[in-house]
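In: Pasting a predicted model and its sequence here:
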Amino acid sequence: MVCVFQIIGKKDSGKTTIIQKLIPKLKERGYIVGVIKHSHHVIDDENKDTFKFRKAGSDLVFFSSNDCALFFDCDNMKFINLLPVDILLIEGFKDLNLGYKIETHSISDVDNIVSEVLDRAKECKEQVNIEINHAKADKNLITLFIFKLMKVYNIKEIKIAD
């Protein structure tokens, strides 16, 4: 499972600053890090193709351009356990319980919260031991994604046959 930290708080309380500080520190420790930002703004209005695809019944829509990719799964947050990351930092979603929730009240909380997350992150490190054709696979995004699928669906072994 993905180790999830929800950073919640009022506007200008340091949420974004906390996440900005955590990302490089977690990456230095070897974690693959993802971020989800909650917003009250509409990003998929009814005139866009992505909205039309969702309206037609697609369970998931992935939008990609030359410089960005967006993922739409607006009905639930179940997908977070399939993300190919070790640690997921979430800004917002205060009404949902998605993981370890930390509230910041002011910018003066930033350093203490960063330290707290770094300490708790040690408990989240997953060991990926996947062999492909009898050779240990590197820990990259695809391998980690396969590993996550195996855990979610309780798959013990995958063999690649000719």
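Out: Yes, it's here.
In: got the residue ranges for the strands in this protein?
Out: Applying DSSP state E to the chain gives strands spanning 3-9, 33-37, 61-64, 69-72, 87-91, 100-104, 131-132, 135-136.
In: Pairing-wise in the sheet, spell out the partners of the residue most central in space within the chain.
Out: For the chain, the residue nearest the mean C-alpha position is L88 (3.6 Å; Cα atoms, centre = their mean). Counting by DSSP bridges, L88 forms beta bridges with V4, G34.
In: what comes up buried for the longest helix along the chain?
Out: For the chain, the helix that runs over the most residues, judged by DSSP state H, is helix 15-28. Using 16 or more other Cβ atoms under 10 Å as the test for burial, helix 15-28 gives 15, 17-19, 21-23, 26. All C-beta atoms are positioned from the backbone trio N, CA, C, and that covers glycine.
In: same question, stretch 101-121
Out: So stretch 101-121, judged by 16+ other Cβ under 10 Å, has buried residues 102, 104, 109-110, 113-114, 117, 121.
In: Format those as JSON lines; extra columns: pLDDT and distance to E46.
Out: Formatted as JSON lines, the buried residues of stretch 101-121 follow (pLDDT from 0 to 100; distance: Cβ to Cβ, whole Å):
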{"residue": "I102", "pLDDT": "94", "distance to E46": "36"}
{"residue": "T104", "pLDDT": "95", "distance to E46": "35"}
{"residue": "D109", "pLDDT": "95", "distance to E46": "39"}
{"residue": "V110", "pLDDT": "95", "distance to E46": "39"}
{"residue": "I113", "pLDDT": "96", "distance to E46": "38"}
{"residue": "V114", "pLDDT": "96", "distance to E46": "40"}
{"residue": "V117", "pLDDT": "95", "distance to E46": "38"}
{"residue": "A121", "pLDDT": "91", "distance to E46": "40"}
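In: Identify the residue nearest S106 in space, chain neighbours excluded?
Out: Leaving out its chain neighbours, the residue that sits closest to S106 by Cβ to Cβ, 6 or more residues apart in numbering is S13, at 5.8 Å.
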